[in-house]
Structures are given as structure tokens and as C-alpha cells.
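**Student:** Let's see this in three dimensions:
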Amino acid sequence: MQDDAPDRLIPYDEIVQEALRAVVGRVLGEVEASGRLPGEHHFFITFKTAAAGVDIPKHLSERFPDEMTIVIQNRFWDLKVGEDGFEVGLSFNQAPARLVIPFSAITGFHDPAVNFALQFQAQTEEGGPQDHEAAENDLPLAEPIEDGSNVVAVDFSRKK
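**Tutor:** Residues are numbered from 1 along each chain as shown. As a prediction, the model looks like this:
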């Protein structure tokens, strides 16, 4: 019998993760194209700060060595969305910062205006997400999801 199990021949979990991250890219691309967030929409984006391709100021990576959450709402600028990620200007404690975040580093996306959220498997580690402080990028935090409606959580476990 072959060493490759059937579930390893087609990496469905990776394909689905990639497709869901493309949702984040499309939404951010529409915001970039229009130059503003429509209506009451705003985004909480959680990402791995040490992931390949992430470029954030040193003081933020020191404060958030594993994961951080940013808010894109009222005070953001220079949003640029590419094929593999995005960059955005945000303010932290009244100090401007430019962040470059690949889509592969994102572990969560939440739009509280419509109670929509996506959660992704971390691509760099086996364990589940670790607790972390919010980045507090000069915006009030929205209410958390309470009933779980419109939440898409993808958690694939391979059987060996």
C-alpha cells in the first residue's frame, strides 16, 4: 500500500484556508478601491507578528511577539492590497506606523458591523491560538461576537 494517505493527495484544508484568506483580500481590495469603509463596517484583523513577510515597527513586535489584532476603522491610511497581502498605516498611541501583513499570516478577520468572522489555522505552529492583548490602535473596541452567527471557523485535523 502506498505511504501517501488519500487525504494527503489533495490538500483540501490548505485550499480552503487559501480561499478564505482571499475573501479578506477581496474585502480589503474593495475598501482600497473606494477609499473608505462603507457604512458602519470596520475590521478586526488578527495576525502572527513573527510570520514570514510581516513588517511592523520594532516596538510592536516586541510588545506582541506572537500575535496581535489591529482595527481598521476611522484612522487608517495608505491601504494597499496586493496579491499576497496588504499594507496599511495606523496610529498606535498617537504615533503613526506602517504595517505590512501577508494574507498567510492572518489568523482571524471580524467585521462587527455585520457579525461576520473568519478564523484560520496558524500556518506556523501546531497548537491553537494563544491569548494576546489587542493592539489598541487608537480605536475603541467593538462588542465581541456573542451568538456565533455568521462565523466561519475552519479547523481541519488530519487522521493518521
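
**Student:** any idea how far the residue nearest in space to the middle of the chain lies from residue 41?
**Tutor:** In the chain, the C-alpha nearest the mean C-alpha coordinate belongs to residue 106, at 3.3 Å (Cα atoms, centre = their mean). Going from residue 106 to residue 41 by Cβ to Cβ, to the nearest Å gives 17 Å. For the C-beta atoms, the positions are set from N, CA and C on the backbone; glycine is no exception.

**Student:** give the contact list for the nearest residue to the residue nearest to the centre of the chain once chain neighbours are set aside.
**Tutor:** Nearest residue to residue 106, sequence neighbours excluded (Cβ to Cβ, 6 or more residues apart in numbering): residue 47, at 4.9 Å. Neighbouring residues of residue 47 by Cβ atoms under 8 Å, 6 or more residues apart in numbering: 54, 67-68, 70, 101, 105-107.

**Student:** again, 10 Å this time
**Tutor:** 54, 56, 64, 67-70, 85, 99, 101-109, 120, 122 (Cβ atoms under 10 Å, 6 or more residues apart in numbering).

**Student:** now, which of these lie within strands?
**Tutor:** Counting by DSSP state E, the part of the contacts of residue 47 found in strands is 67-70, 85, 99, 101-102, 106-109.

**Student:** Let me know the closest of the residues you listed to residue 15.
**Tutor:** residue 106 (16.3 Å; Cβ to Cβ).

**Student:** isn't that closest one right up against residue 68?
**Tutor:** No: counting by Cβ atoms under 10 Å, residue 106 stays clear of residue 68, with 11.3 Å between them.

**Student:** and for those two, which residues touch both?
**Tutor:** 45-48.

**Student:** since we're on residue 22, how many residues are nearby?
**Tutor:** As a burial measure, residue 22 scores 13 neighbours (other Cβ atoms under 10 Å).

**Student:** coming back round to it: quick check: the gap between the residue nearest to the centre of the chain and residue 19.
**Tutor:** 13 Å.

**Student:** Could you report the distance from residue 31 to residue 107?
**Tutor:** Here the criterion is Cβ to Cβ. By it, residue 31 lies 20 Å from residue 107.

**Student:** Over stretch 90-101, what's the mean pLDDT, rounded is fine.
**Tutor:** Per-region confidence: stretch 90-101 scores 94 on mean pLDDT.
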